[in-house]
Structure formats: C-alpha cells, structure tokens
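A.B. asks: Give me the fold of what follows.
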Amino acid sequence: MQICGYNRRMPRPSADQQDTKSPDNEAWLRQRFSGGRSVAPIATGDGHLWRQNEELRPAAVLVPVVRRATGLTVLFTRRTDHLYDHAGQISFPGGRCEAEDASPAATALRETFEEIGLAHSLVEVLGALPEYTTVTGYCVTPVVGLVSPPPALKLDAFEVAEAFEVPLRFLLDPDNHQRNTLQYQGRTRHYYAIPYEQRYIWGATAGMLMNLYAYLTA
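C.D. replies: Alright, predicted model coming up:
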C-alpha cells in the first residue's frame, strides 16, 4: 500500500465562514445541534466501490465530546493490533447494529459501554452526523454525545489498546486537516487525516471528524 501527499493541508475557510464563538463552550456546541440543520458532508466514504455486489451492514459509533475544565475534548480509542478489521487504528467506540437496538444511538451507547465502560447515564445524545461507508462493508452512523467524565474507564482489553482525548478546538482547526492519497487494490483512494502529537487519526475516523467540522462551522 503506497501512501503519498502526507503534507497537503485543507484550506482555511474565509473570515465570513468562521464562527466567532469558542468551540470550547458547551453552550455553543448545544446551539449548533439545536436547530436540526442540514449540512452537506465533506466525506461519505468509498466502501461502496469495493462492495458493489454486497449489502452494506449498518453500524454506529459514538463521537464522545467530553466536558473538561480546560475545554471540550473528543474521546478516541486505539484498536488492538490483533483485530481483523482496522487493527491498531484510532477509532470511535462503536460497532454493528444488533436486532435489539432501537436506533443507531442505542447501538453506539451499547457498544461504547461494552468497549470502554462508559455508562449510558453519562452521555447526552446531541444528534447524528451523515452516514459514512467503510471499505470493510459498513454503513456507519456517527452519533454525537456530550459526556460527563466518568471516574474511570474500563477498557475491553481484547478490542481496545488505549483511550485518549484530543481538544475539540484542535480538531476544528483547518490548519490541522490533511487530505492525502494512497493506492489500494489498484485504485487511488483519497482520505483525510488529522495528526495529533504522536498519533495519526485517519481514514473513516478522520472523515467523520471532517463532517463534524462541517456541521459545527457551517
């Protein structure tokens, strides 16, 4: 797999496109989700290109926005290296929808509790982002939730190698957004990336973050 274009950055929006309120402000975040706005996604995924004769499987992830004294953060997990899909990659907690799940939000909350021990009672669901299709054959609904920090997370050691947080302000700064290309099974794929310290957030997770960026800054 050949990766190129690592240093390409996304353009900064013009002054009239930028929101003057702080993304560290919980009231600002709530206001952005309160109106039921429709915003075109930046990224929708390209999984359908590899799964043209297959039905995509429904899944959901939680995009956990955590209240912190220093400002809002977003919680991520790093998958263990032995998993079949997306081993070692940075992701949101979540997984495939089950028959007993009443909604994508129910799937996201159930999977999040199973993976990192975050109780449903600590998550206030704010809304959902556009669906994203993955090369592994899933149609993923990202569910955004405002999280009251738990005393401690309980990671499922089989699936989750670690959990960490990134400031929401950092993720919404277009100076930190990259759009790169790679060669995969004879095709050129375009993907987004947001490097943070020693971690490399890319692929589906970064694509969903770009849609969060579009929704919050539109």
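A.B. asks: what's the model's confidence in the helix of greatest length in the chain, averaged?
C.D. replies: Under DSSP state H, the helix in the chain containing the largest number of residues is helix 203-217. The pLDDT scores in helix 203-217 average 95.
A.B. asks: buried residues in that helix?
C.D. replies: 203-216 (16 or more other Cβ atoms under 10 Å). (C-beta placed from N, C-alpha, C; glycine too.)
A.B. asks: And the contacts of that helix?
C.D. replies: Helix 203-217 is contacted from outside by 13, 17-19, 23, 29, 32, 37, 39-45, 61, 63, 74, 76, 86, 89-92, 129-130, 132, 134, 140, 142, 144, 171-172, 174, 177, 191-194, 201, using Cβ atoms under 8 Å, 6 or more residues apart in numbering.
A.B. asks: Which ones among those residues map onto strands?
C.D. replies: Those of the contacts of helix 203-217 mapping onto strands are 61, 63, 74, 76, 90-91, 132, 140, 142, 144, 191-194, 201, per DSSP state E.
A.B. asks: residue boundaries of the helices in the protein?
C.D. replies: Along the chain, counting by DSSP H, helices occupy 26-34, 47-50, 104-116, 168-171, 203-217.
A.B. asks: Which among those is found nearest to residue 153?
C.D. replies: For residue 153, the closest of the helices of the chain is helix 104-116, at 4.8 Å, according to Cβ to Cβ.
A.B. asks: what does that closest one contact?
C.D. replies: Around helix 104-116, the neighbours that count as contacts under Cβ under 8 Å, 6+ apart are 58-62, 64, 75, 77, 93-98, 101, 118-120, 123, 125, 128, 141, 143, 145, 153-156, 159-160, 163.
A.B. asks: Make a PyMOL selection of the buried ones in those.
C.D. replies: To isolate the buried ones among those in PyMOL, judged by 16+ other Cβ under 10 Å, type:
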select buried, resi 58+59+60+61+62+64+75+77+93+94+95+97+101+118+123+125+128+141+143+145+153+155+159+160+163
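A.B. asks: Give the burial count for residue 44, as a bare number.
C.D. replies: Counted with other Cβ atoms under 10 Å, residues neighbouring residue 44 total 14.
A.B. asks: you'd agree it is up against residue 132?
C.D. replies: Yes. With contact defined as Cβ atoms under 8 Å, residue 44 counts as touching residue 132 (6.2 Å).
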